[in-house]
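Undergrad: Predicted structure and sequence below. I'll ask about it afterward.
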Amino acid sequence: MRIDNDYPEVFAVDSQNSTDLTAWWDTLGPEWVRVNLVTDALGNTVGDTGSSSDLSGPGDRASLTTLRDLADVVLIGGATVRAEPDSVPRKGDVVIVSKSGNIPLDAIKRARGTVTVLHAQSGKAPNATTGVVLPRFTGAAIIAAVRKLGYRRIVCDGGLALVHTLLDADVVDEWCQTLSPRLGVSTPGLVAPDVGGSLSNVAHDADGYHYTRRRLGGAPQKRQSSPTLD
């Protein structure tokens, strides 16, 4: 599928060409934290089945794969993994943030890389994962723990409780948001915030998806009440 880059330069990218797509997304330095979400125009992050996949399309899925490939690790919240076990990538390393350590076995079985669970003292990481006790679940503490594991390029795929926690700590370097033409379902706690920042890239495809990137220099300007990590 063709993706047309609209800003700041005009050119086309073939989403089926991994070399093209990698060059298009590989715009940051050697160490970064990215958030990547797909939403509808109102910021809703799930559709009728309660999954983000309800809003996704071929170009968005290709971009998701590329962003994961560019990262050293995928960071995901425990609530998202419980709601969508297939959100855990099949390849590459994964860090799951879950105070309880309650992670579905199906999600763990999907992963072929290392799965690390950041959990509270009272929690317990499941078998086939590496557990790391995290005394404080602030954004800074989470990223520090991930860095201590040796990861430098981090992409966070959600959920929104984890995203809010990272934004509150001002540790997100780039916000990547795909705007879907499909209408999502308005669900409390599952609406993406308006992060502000500086718009650095806009693109679109023939299916009606728009791809946006923002460089963040501070906390989000506006957002709804932050959900609680669990």
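TA: Received, thanks.
Undergrad: can I get the CA coordinates of stretch 132-149 in PDB?
TA: Output of stretch 132-149 as PDB, limited to C-alpha atoms (Å, rounded to 0.1, in the frame of the first residue of the first chain):
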ATOM      1  CA  VAL A 132      11.700  -7.400  38.400                       C
ATOM      2  CA  VAL A 133      10.300  -5.900  41.600                       C
ATOM      3  CA  LEU A 134       9.600  -2.200  41.100                       C
ATOM      4  CA  PRO A 135       9.200  -0.200  44.300                       C
ATOM      5  CA  ARG A 136       7.700   2.800  42.600                       C
ATOM      6  CA  PHE A 137       5.600   2.800  39.400                       C
ATOM      7  CA  THR A 138       6.400   6.300  38.200                       C
ATOM      8  CA  GLY A 139       7.300   6.900  34.600                       C
ATOM      9  CA  ALA A 140      10.800   7.700  35.500                       C
ATOM     10  CA  ALA A 141      11.200   4.500  37.600                       C
ATOM     11  CA  ILE A 142       9.700   2.400  34.800                       C
ATOM     12  CA  ILE A 143      12.000   3.700  32.100                       C
ATOM     13  CA  ALA A 144      15.000   3.500  34.500                       C
ATOM     14  CA  ALA A 145      14.300  -0.100  35.100                       C
ATOM     15  CA  VAL A 146      14.000  -0.800  31.400                       C
ATOM     16  CA  ARG A 147      17.300   1.000  30.700                       C
ATOM     17  CA  LYS A 148      18.900  -1.100  33.500                       C
ATOM     18  CA  LEU A 149      17.900  -4.200  31.500                       C
END
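Undergrad: quick one: it to chain centroid distance?
TA: Centroid separation between stretch 132-149 and its chain, computed with C-alpha atoms, centre = their mean, to the nearest Å, is 17 Å.
Undergrad: Using the three-state scheme, assign the most centrally placed residue in the chain.
TA: Centre of the chain computed as the mean C-alpha position; nearest residue by C-alpha atoms, centre = their mean is D157, 1.7 Å away. Assigned by DSSP: H, G, I helix; E, B strand; the rest coil, the conformation of D157 is strand.
Undergrad: The lengthiest helix in the chain packs against which elements?
TA: Using DSSP state H to define each element, the chain has its longest helix at helix 58-70. Applying 3 or more C-beta pairs under 8 Å, 6 or more residues apart in numbering; DSSP states H and E, one finds that helix 58-70 makes contact with helix 18-25, strand 32-39, strand 153-158, strand 174-179, strand 210-215. In this view, the C-beta of every residue, glycine as well, is placed from N, C-alpha and C.
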